[in-house]
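Colleague: this is a predicted model, with the sequence first.
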Amino acid sequence: MSKLIEDYGIIGNMISAALIARDGSIDWLCLPRFDSPACFSALIGGAENGRWLIAPEDARHKVRRRYLDGTAVLETRFETPTGACTLTDFMPLGEGDDENVDVIRLVRGERGEVPMAMELVIRFNYGRTVPWVRRRHYGLSAVAGPDAVELRTPVALKGRDLTTVARFCVRKGDMVPFTLSYHRSHKSPVFAADDHIRLDRTVLRWQEWSRRCRSDIENDVWREAVLRSAITLKLLTFRPTGGVVAAPTTSLPERIGGERNWDYRYCWLRDSSLTLYALLNAGYREEAEDWRQWLLRAASGDPRQLQIMYGIAGERSLPEWEMPWLAGYESSRPVRVGNAAVEQLQLDLYGELVETLHVAREADLTSLEDAWRLQRVLIGHLETIWDSRDHGIWEIRGKPLAFTYSRLMCWVAFDRALRSCERFGLRGPVARWRKLRRAVAADILKNGYDAHRKAFVQHYGGTALDASLLLIPQTGFLQASDPRMIGTIAAIERELMRDGFVLRYSKQDTDDGLVGPEGAFLACTFWLADAYAMIGRREDGIALFERLLAIRNDLGLLSEEYDTSRKRLVGNFPQGFSHIGLINTAYNLVRAAGPAHQRSRRVAPVAGLKGEEAD
């Protein structure tokens, strides 16, 4: 039986990350980077495919865990009939482009004595490759092809059935260290300073970073939730490049036992503007600037080759393939690496990118002349394709359609380009862009709105609803109070809500060939809370936000979706999009001008689109 997704916590160093279960087992460890195949995969493959367990021998123990305040340092306290001990897990923070990865685990005796067990199963290549393990005076060395790890510990180690095991006892005041260090096999290992000193330094650096988080939220629970989400976004950032991955995992299912198992260890352009708003509102301008710079580098080149996602350094080739030797999380197959959606046309990303660069300019981030050049090139290409069919924000793996949200973001692209010219005196074909903006708006109102249903629909000619359309007032296309938006919100409440959470869309006419339903999408549920705030239903927004906070795990983490029937988190974990939604919604509910209003007030709404009124 697999552990629940909510059983896991995350540690990391902005190069890689590890997921640690409540029982003290590291079941997913990316080495040396988020996207590297040199990783443990017990989470999706079983213990024989790699894990690292440190726990009391006595199965009757009780567990409590927490992050040290303002850090990504995880403490797990074990209470046994004979004593208590604390397991502290962390990754020391490096500098610059240094991709060395250490995982440090410290076992501290608190009272009495606790017999402990350690089991280490080292497997590279997504659990497929058994390394050559050799005993060393400091512990052991394991090598397979390009990858090598060293385990340093004073505890005596033994080999048994391709597993390294140890038994030891901790008493009050004892501290027993274990350090797993990754390095390229053609290089010599480098052993760093004392583990206790590195713990102190790591805690200090995290707490210094956390103090930068804006503290203008009076509710203590909300404030802590925002900070934990900000720390999680930081953990999902690849320090050398500034790219932010959607999640550190692959193939955690959107439906237990289903096929919707995708690799999320990449950076999506569709998340860009909401990411920027979350970082800026939380007070992290440096991270916002790094993200903007990553976007500029990744998107550079021929606009016809713009992709919906890139690798953590801006890589473009992300071929999708399957790993049949892995069982999948709770038998959810296939297990995938790469993401074939990278080949899709998604028109919304043009609006996302143009808006992100516009917001960065308004936020007075570092002025870059190249940013405007890139925007003009993107807009020039969009002029020729905005009325094409695409695969939409949800990466439908069926036939291309005329998605309403895609057309909406085309409108955003033309609108933000015009606003950049008007506000900053930048040069562009303003008259042509105004004409295109009017044409796109008229197209949306004519074909994307169903007057019979009194709601915007997912795609032209269809009747399905789509939660992405909750973002219409945030873009400034229509006021939140517009009857068409009120009707859309009401329709989504009636048809897309399950036990108080929001589905992405109704699937009756968007068949993607994959079997079975998925969970409620947490980002969409945050968007509904934002919509409530914008139409004056603040109390409803607060109630929905509190409902979302209640399904976080005990460490404050969220996955991509929520299975309302099983009452479980599902999808890749922890999910950046969910935590971005948490940050933005918190500020939307506590400020008169939160991220949603900041985004919408920058533009003049379409209203009835009469004459020049749309301008």
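Modeller: Received the coordinates, thanks. Computed from a predicted model, the values in this text were never measured in an experiment.
Colleague: how far is stretch 249-267 from where the chain is centred?
Modeller: Taking CA atoms, centre = their mean, to the nearest Å, one finds the center of stretch 249-267 at 12 Å from the center of the full chain.
Colleague: oh, I was asking about stretch 95-115
Modeller: On CA atoms, centre = their mean, the centre of stretch 95-115 falls 25 Å from the chain's centre.
Colleague: in that stretch, what's buried?
Modeller: Within stretch 95-115, the residues that qualify as buried by neighbour count (16 or more other CB atoms under 10 Å) are 99-110, 113-114. All C-beta atoms are positioned from the backbone trio N, CA, C, and that covers glycine.
Colleague: and the strand or helix carrying residue 579, what other elements does it pack with?
Modeller: Per DSSP states H and E, residue 579 falls inside helix 576-590. In this structure, helix 576-590 makes packing contacts with helix 220-235, helix 272-282, helix 522-534, helix 538-550, helix 595-600, judged by 3 or more CB pairs under 8 Å, 6 or more residues apart in numbering; DSSP states H and E.
Colleague: would you format those as a markdown table with mean neighbour count, mean pLDDT and distance to residue 80 included?
Modeller: Shown next, in a markdown table, are these (neighbours: other CB atoms under 10 Å; pLDDT from 0 to 100; distance: least, CB to CB, whole Å):
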| stretch | mean neighbour count | mean pLDDT | distance to residue 80 |
| --- | --- | --- | --- |
| helix 220-235 | 21 | 98 | 29 |
| helix 272-282 | 25 | 92 | 40 |
| helix 522-534 | 26 | 98 | 36 |
| helix 538-550 | 17 | 98 | 31 |
| helix 595-600 | 22 | 86 | 47 |
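Colleague: in TSV, list these along with distance to residue 17.
Modeller: Listed next are the helices and strands packed on helix 576-590 as TSV, based on distance: least, CB to CB, whole Å:
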stretch	distance to residue 17
helix 220-235	6
helix 272-282	18
helix 522-534	20
helix 538-550	23
helix 595-600	26
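Colleague: can you tell which of the ones you listed is closest to residue 159?
Modeller: Between residue 159 and these, the tightest spacing by CB to CB is seen for helix 220-235, at 33.1 Å.
Colleague: a helix runs through residue 178, doesn't it?
Modeller: No - secondary structure of residue 178 (DSSP: H, G, I helix; E, B strand; the rest coil): strand, not part of a helix.
Colleague: which residues touch it?
Modeller: Residue 178 makes contact with 54, 104, 105, 106, 107, 118, 151, 152, 153, 155, according to CB atoms under 8 Å, 6 or more residues apart in numbering.
Colleague: among the residues you listed, which lie within strands?
Modeller: Of these, the ones assigned to strands by DSSP state E are 54, 104, 105, 106, 107, 118, 151, 152.
Colleague: of those residues, closest to residue 329?
Modeller: For these, the nearest to residue 329 is residue 54 (22.4 Å; CB to CB).
Colleague: measure the closest one to residue 180 for me?
Modeller: 11 Å (CB to CB, to the nearest Å).
Colleague: overlap in contacts, the two.
Modeller: residue 105.
Colleague: if we can go back for a sec, including distance to residue 374, could the contacts of residue 178 go into TSV?
Modeller: Formatted as TSV, the contacts of residue 178 follow (distance: CB to CB, whole Å):
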residue	distance to residue 374
54	49
104	42
105	45
106	47
107	51
118	51
151	47
152	47
153	50
155	54
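Colleague: how about CSV for those, with pLDDT and distance to residue 401 added?
Modeller: Shown next, in CSV, are these (pLDDT from 0 to 100; distance: CB to CB, whole Å):
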residue, pLDDT, distance to residue 401
54, 98, 51
104, 97, 50
105, 98, 50
106, 98, 54
107, 98, 55
118, 98, 53
151, 97, 52
152, 97, 56
153, 97, 57
155, 98, 59
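Colleague: and the residues you listed, which is closest to residue 285?
Modeller: Closest to residue 285, out of all of these and judged by CB to CB, is residue 104, at 30.6 Å.
Colleague: circling back: what's the closest of the helices and strands packed on helix 576-590 to residue 426?
Modeller: Smallest distance to residue 426 across those (CB to CB): 18.7 Å, for helix 272-282.
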